[in-house]
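A.B. asks: Using only what follows, build the 3D model:
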Amino acid sequence: MNGQGKTIMRLSDFSKHCIIFAILLPVGCSDLERDDQHNKEILLWEEWLETGMPDAVSGDGPYYALPDTILFQNDNETAPSYAAVSSFVIADSLIIVSDNILLKLHAFTLSGEHLWTSGEPGEGPGCLSMMGGIDAAGDFIAVCNMSLGRVDLFNVSDGTFEISLPVQWPFDASISGDGTIVAVSISEENLITVFDYQGNVLDSFGVWDPPSSDGMPYSPPAANINLKCDIYANYLVVASVYNNYYQIYDLEEGSLVSSFSREPGLPIEESSSSRFILQINDCVFNEEGDVVALLCPTRPHWLDGMYSNLSPEEIDYKGLDIFLSTGEYKAGCALQATWDTGSVQFNDGDMYLSNPEMIVRLDSITL
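C.D. replies: Numbering: from 1, shown residues only. You can find the predicted model right below:
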């Protein structure tokens, strides 16, 4: 378990790249005066993140402070087994990590104690290859084996392989409270396929039809994880990773409840050199049933590993957008975080964020 003293020491060593805490615009300005052009672009992005829409339901916060580092890659005491946090999920007081380097699943307690590791590279039962999204609930973990065309179920208690569900190039999967598994894919006839734990198809519905191109290539095997999904009660949110577009479905009715985009638009005209693209690293429901999107300040060259005029070290913040399930914008904020922070989860009022090296826990604070 990581104590508070160990956390403070670790934060001191990795404050530039790994600290994640709430920041306000005036604080960020003083750190960005090194270069006028970079300063302008970063301020435009941060203002856009924190301004939100004029008719927001709540214009305040949320704001978060970092009390603890749960997992850290080089800490052999708490996390001896993973090479990278590709994605993670919290369920039943467990943290399940997908590791796309070792092609394994790892389970930890909420204090960072390693419990088990499962999976291996390959194509057979229990093997993993190019994992997409994961989810866990009840007795099962659902893992999208994208290139193998299936969603695999593992037992949450010890990582034992259970069954495979056939889905062509599943981007993400989510497990509902009534014991069904939902998979999202644009390679199937319908966007959403609903299974029971025995692998039977219960329902299939939905069409991914964004108002403009969302960067999704015609050949899914050439893609990264292009869609994110999550379930709250009877609602399913589906969000594009490369486009400002969301859909909310009613799982019982198999119908589209709402679709929406984030407004106002990105600060394109004011930005020099190349325009910003809104990339959604993750999209989940929080514990109140609001849709929370983890935003990344992305420009076209960054997606190809070319960072244009800004180095990764200068991209030390992300953003949160929060919507009602009807699509009405509720609130937003900027977070100081490394540019490759990839996943967000909520548990018992806390927010957890990950980058490839670590998972940190944040408390909600009132300013």
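A.B. asks: going forward, measure contacts and count neighbours with C-alpha atoms only.
C.D. replies: OK.
A.B. asks: And stretch 231-249, end to end?
C.D. replies: 9 Å (CA to CA, to the nearest Å).
A.B. asks: Now it: buried residues?
C.D. replies: Residues of stretch 231-249 classed as buried: 231-232, 235-249 (neighbour count, 16 or more other CA atoms under 10 Å).
A.B. asks: same check, this time on stretch 100-112
C.D. replies: Using 16+ other CA under 10 Å as the test for burial, stretch 100-112 gives 100, 102, 103, 104, 105, 106, 107, 108, 109, 110, 111, 112.
A.B. asks: JSON lines please, covering these and showing secondary structure, pLDDT and distance to residue 169.
C.D. replies: Supplementary listing: the buried residues of stretch 100-112 in JSON lines, determined by DSSP: H, G, I helix; E, B strand; the rest coil; pLDDT from 0 to 100; distance: CA to CA, whole Å:
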{"residue": "100", "secondary structure": "coil", "pLDDT": "93", "distance to residue 169": "16"}
{"residue": "102", "secondary structure": "coil", "pLDDT": "94", "distance to residue 169": "20"}
{"residue": "103", "secondary structure": "coil", "pLDDT": "95", "distance to residue 169": "17"}
{"residue": "104", "secondary structure": "strand", "pLDDT": "95", "distance to residue 169": "19"}
{"residue": "105", "secondary structure": "strand", "pLDDT": "96", "distance to residue 169": "19"}
{"residue": "106", "secondary structure": "strand", "pLDDT": "95", "distance to residue 169": "23"}
{"residue": "107", "secondary structure": "strand", "pLDDT": "95", "distance to residue 169": "25"}
{"residue": "108", "secondary structure": "strand", "pLDDT": "94", "distance to residue 169": "28"}
{"residue": "109", "secondary structure": "strand", "pLDDT": "94", "distance to residue 169": "30"}
{"residue": "110", "secondary structure": "coil", "pLDDT": "93", "distance to residue 169": "31"}
{"residue": "111", "secondary structure": "coil", "pLDDT": "90", "distance to residue 169": "34"}
{"residue": "112", "secondary structure": "coil", "pLDDT": "90", "distance to residue 169": "32"}
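A.B. asks: ok, those residues vs residue 333, which is closest?
C.D. replies: Using CA to CA, residue 110 comes nearest to residue 333 of the buried residues of stretch 100-112, at 25.6 Å.
A.B. asks: how close does the closest one sit to residue 140?
C.D. replies: Distance, residue 110 to residue 140, using CA to CA: 18 Å.
A.B. asks: Repeat that for residue 287.
C.D. replies: Residue 287 is 20 Å from residue 140, where distance means CA to CA.
A.B. asks: Equivalent analysis for residue 356, please.
C.D. replies: Relative to residue 140, residue 356 is positioned 24 Å away (CA to CA).
A.B. asks: can you check residue 241 too?
C.D. replies: When residue 241 is compared with residue 140 (using CA to CA), they lie 26 Å apart.
A.B. asks: Quick check, pLDDT for residue 214.
C.D. replies: The model reports residue 214 with a pLDDT of 54.
A.B. asks: likewise residue 267?
C.D. replies: We have a pLDDT of 54 for residue 267.
A.B. asks: Point out where the chain drops to low pLDDT.
C.D. replies: Within the chain, the ranges that satisfy pLDDT under 70 run 1-61, 74-80, 212-225, 264-278, 297-317, 339, 366-367.
A.B. asks: what about the helices in it?
C.D. replies: 4-13, 25-30, 36-51 (DSSP state H).
A.B. asks: ok now do residue 177, which residues does it touch?
C.D. replies: Going by CA atoms under 8 Å, 6 or more residues apart in numbering, residue 177 touches 137, 233.
A.B. asks: if we go to 10 Å?
C.D. replies: Going by CA atoms under 10 Å, 6 or more residues apart in numbering, residue 177 touches 137, 138, 231, 232, 233, 234.
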